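generate a structure from the sequence data that follows.
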Amino acid sequence: MTTLAFVLVIVFASAGCFINHRSAVSVRNRGIKLTSISLYHGLFSLFLVFIPVLLLILVWIVLQNPLIELYISQTLLQEHLLNTSKGEKDLILAEIRSIAGDRIFGEPETWKLNAAAALVGFQENASRFLVVTVTILSLALIIVARSRVKEKFKARQNVERIVSWLMIACSVVAIFTTIGIIASLVVETSRFFSLVPITDFLFGLNWEPQIPIREDQVAAEGAFGWIPVFVGTLVITAVALFISVPIGLMSAVYLNEFANSKIRAVSKPILEILAGVPTIVYGFFAILVVTPAFRSFGNTIGVDVAPNTALAAGGVMGIMLIPFISSFTDDALSAVPKSLRDGSLALGATPSETMLKVLFPAAIPGIVGGILLAVSRAIGETMIVVMAAGLIAKLTLNPLDSVTTVTVQIVTLLIGDTSFDNPKTLAAFALGMMLFLVTLVINIFALRIVQKYREIYD
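Prediction:
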């Protein structure tokens, strides 16, 4: 039924747009001069129907199940939930939801089956009522929009006002989403530092967060020095940049300046396909192909290579970053005015001299900014390092050794039997905060470089 509601809002909005457009055309054909063209009258009806009804559907979806469950809890389940804790209530409601979804385990009590049947019935009635409400409201708004097709109605100004408010709303959502992310990290990180001294975290050289989660567990006391984790991240990032930066820059220079149109037409789509490969596929490639190849080659020459070597994870990540650096470099070189290239060639410089002494220096702000953004991508990469990097933190700079990264530890700490009241789990948020700050600094540094060294050409 919810899908039907979305389909109906699209159909009614399109119908309202068509009706208003035809009505405006008809009014013009009768010799009445409108202040806006027919297209804006159609768009006014489209927005007037689509936006309010869509908001209604979204609010309905968010509030429907909580309100139904609240009603059932206070009526059908009141005597069964009377002396239960909040955790027990949540478990009972989760079981009733599972029964309502035909996921029955064992033999539930009769009152749970009755509550699940009531839940299904209320949901079906609410969905039907939603469809009826969407239909009535859409028709009413279509009638209102049709009544506005008059001589003095300023449809264009109203459409522009609606679009302006839409853009403001999208900006506000983006801003508050960022604020919410930062606030959640700050709150959980502050809880972590209330349990673990911040000096131990920032300057500690050991990372062993295996502490007891339950009273019956036996584990170490735990060490939360993040330096080995961060050093492992830097090692993998350095390997990735060592591979991706030269190849990305040279491929962009060749495709932009020296390749003919046929080679460029084939090479650019291939690079774009490489950029679209999911990171988990790169992880499979690293663990199934690259790592065994490195170990086999190391055994051949007598060099010990770890099973989860940083070289494999960083090398595959470098392949992933090649399209990003190449694309940024190509865009930066293409943005250099053609007059500079033509002037250099007219003065007798060769194409290679023009590239090295004119085009490349002029494009350095964009190129450096792209490389630093690629660094942020490498530091925050998850799937490749989760599959190809190690789990044990080692304070080493040897790329042939097994290291761990910030993202690997975050994933490891938040899976399994987790509880958000112990340092082991809260350490993931502290690592996330540090990762956020590092990438933020890199991005700010990239923007400052672009702003400082950008040159404006006439």
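
gap between the nearest residue to Thr135 once chain neighbours are set aside and Ile57?
Nearest non-adjacent residue to Thr135, counting by CB to CB, 6 or more residues apart in numbering: Leu8, 6.2 Å away. For every residue, glycine as well, the C-beta is placed using N, CA and C. Relative to Ile57, Leu8 is positioned 9 Å away (CB to CB, to the nearest Å).

hmm, back to that, tell me how many other residues surround the residue nearest to Thr135.
Burial of Leu8 is recorded as 17 neighbouring residues (other CB atoms under 10 Å).

quick check: the gap between it and Leu139.
10 Å.

touching both of Leu8 and Ile57, which residues are there?
Common contacts of Leu8 and Ile57 (CB atoms under 8 Å, 6 or more residues apart in numbering): Val134.

packing partners for whatever helix or strand Gln451 lives in?
Gln451 is part of helix 423-453, with elements assigned from DSSP states H and E. Counting contacts by 3 or more CB pairs under 8 Å, 6 or more residues apart in numbering; DSSP states H and E, helix 423-453 is packed against helix 155-195, strand 223-224, helix 227-253, helix 360-380, helix 406-413.

per-residue pLDDT of the residue nearest to Thr135, please?
Among the per-residue scores, Leu8 shows a pLDDT of 91.

same question, Asp216
pLDDT, Asp216: 50.

point out where the stretch 301-450 of the chain drops to low pLDDT.
416-420 (pLDDT under 70).

can you list the domain ranges for this structure.
2-153, 223-453 (automatic domain parsing).

what's the nearest residue to Asp331 if we skip its chain neighbours?
That would be Gly366: by CB to CB, 6+ apart, it lies 6.6 Å from Asp331.

right, and that neighbour touches Ser334 too?
No: in this structure Gly366 lies outside contact range of Ser334 using CB atoms under 8 Å: 9.6 Å.

looking at these two, which one has more neighbours?
More crowded of Gly366 and Ser334, by other CB under 10 Å: Gly366, with 22 against 13.

next up, the contacts around the more buried one.
Contact analysis of Gly366 by CB under 8 Å, 6+ apart lists 328-329, 331-332, 335, 450.

how about Ile367?
Taking CB under 8 Å, 6+ apart, we find Ile367 in contact with 249, 328-329, 332, 360.

what of Gly283?
316, 383-384, 386-388.

now the residues you listed in TSV, with secondary structure and distance to Pro399?
Shown next, in TSV, are these (DSSP: H, G, I helix; E, B strand; the rest coil; distance: CB to CB, whole Å):
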residue	secondary structure	distance to Pro399
Val316	helix	13
Met383	helix	20
Ile384	helix	15
Val386	helix	18
Met387	helix	17
Ala388	helix	12
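
which two in these are spaced the farthest apart?
Val316 and Val386 (12.3 Å; CB to CB).

quick revisit: any chance of the helices and strands packed on helix 423-453 in CSV, plus distance to His21?
Converted to CSV, the helices and strands packed on helix 423-453 look like this (distance: least, CB to CB, whole Å):
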stretch, distance to His21
helix 155-195, 10
strand 223-224, 64
helix 227-253, 47
helix 360-380, 44
helix 406-413, 51
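
tell me what the host helix or strand of Ser45 is packed against?
Using DSSP H and E, Ser45 sits in helix 38-74. Under the contact definition 3+ CB pairs under 8 Å, 6+ apart, helix 38-74 sits against helix 2-29, helix 86-100, helix 110-147, helix 155-195.

least confident of those helices, on average?
Among these, helix 86-100 scores lowest, at a mean of 76.

Asn20 versus the nearest residue to Val358 once chain neighbours are set aside, what's the distance?
Leaving aside its sequence neighbours, Val358 sits nearest to Ser344 (CB to CB, 6+ apart; 4.5 Å). Remark: distance between Ser344 and Asn20 (CB to CB) = 57 Å.

what about these two, which has more around it?
Using other CB under 10 Å as the criterion, Ser344 and Asn20 rank with Asn20 on top: 27 against 18.

distance check, the more buried one against Met1.
Asn20 is 28 Å from Met1, by CB to CB.

then Ala116?
Separation of Ala116 from Met1 (CB to CB): 19 Å.

could you check which of the two is surrounded by more residues?
Of the pair Ala116 and Met1, Ala116 is the one with more neighbours under other CB under 10 Å, namely 21 against 13.
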